[in-house]
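**Student:** structure here, sequence nowhere to be found:
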């Protein structure tokens, strides 16, 4: 993991895949109506078109960021935690979608930040800039997840699988799940995107292949008190057999990924 963590940090901001259907081991329970109909809520459509996003707008067709935000239910004025925000792709979409009365808290766990210093420095320049005044950046211990206020959404893309790995301190995902639960308002949303591992593999492949079994994630979040809302198949790819590391050139940028939406009761 030490050799690939800088790449992983970049991947959190740049690596994504798309596919039309879900694979059998994580069949879709629900897909965002916006993704089905092609319509986007007005706040997200405006965010997607905002020129302040620069060339990141060119990757939306592949990454499906606007559709995923619609699936998450991002609204104007929402408060969002973007955990391990990488190159800022998601942060920029969130920031423009929630508007000036909303806020995006970009949070880097210290072990990850230590291996992704360039990304962190670039993100600190983004946070609070003229175009993204509603973004703040912080580096925190991996065992904390603190914003200045309770949030509507906790979001992380391709990083949930990192927590049990040695470089992060071999943290039980239950620790992160408890932190996310506490950070959210009642009724708030936790959205997790990650690379699919083979069914039944649990957390066996988190450090070697950078993948995790979706069923394990679902059971872990249920144990933390979250309600499973549904899944989007926007990043599913049935051609990925889940056997290769996500940075292997045969699958890089084309991995099968699950998008799970959970809700804090209340």
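**Tutor:** Structure received. What you see is a predicted model, and the numbers here were worked out from it, not measured in a lab.

**Student:** secondary structure element holding the nearest residue to residue 90 once chain neighbours are set aside?
**Tutor:** Leaving aside its sequence neighbours, residue 90 sits nearest to residue 82 (CB to CB, 6 or more residues apart in numbering; 5.5 Å). For glycine as for every other residue, the C-beta is placed from the backbone atoms N, C-alpha and C. Taking DSSP states H and E as the definition, residue 82 sits inside strand 79-83.

**Student:** what is the mean pLDDT for the helix or strand just after that strand?
**Tutor:** Once the chain leaves strand 79-83, the next helix or strand it forms, by DSSP H and E, is helix 89-98. Helix 89-98 comes out with an average pLDDT of 98.

**Student:** packing partners of helix 89-98?
**Tutor:** Contact here means 3 or more CB pairs under 8 Å, 6 or more residues apart in numbering; DSSP states H and E; on that basis helix 89-98 packs against helix 5-14, helix 42-49, helix 65-72, strand 79-83, strand 103-109, helix 117-126, strand 151-157.

**Student:** and the contacts of the helix or strand that the last one is followed by?
**Tutor:** Towards the C-terminus, the helix or strand next in line after strand 151-157, according to DSSP H and E, is helix 173-183. Defining contact as CB atoms under 8 Å, 6 or more residues apart in numbering, one finds that helix 173-183 is touched by 81, 143-147, 150-151, 154, 160, 163-164, 190, 203, 217, 220-221, 223-226, 264.

**Student:** go again using 6 Å as the cut-off
**Tutor:** Contacts with helix 173-183, where a contact means CB atoms under 6 Å, 6 or more residues apart in numbering, come from 143, 145, 151, 154, 163, 190, 220, 221, 224, 225, 264.

**Student:** equivalent analysis for stretch 128-142, please.
**Tutor:** Contacts of stretch 128-142 (CB under 6 Å, 6+ apart): 52, 91, 95, 100, 103-111, 113, 123-124, 126-127, 168-169, 171.

**Student:** and those residues, which are buried?
**Tutor:** 91, 95, 103-109, 111, 113, 123-124, 126-127, 168-169, 171 (16 or more other CB atoms under 10 Å).
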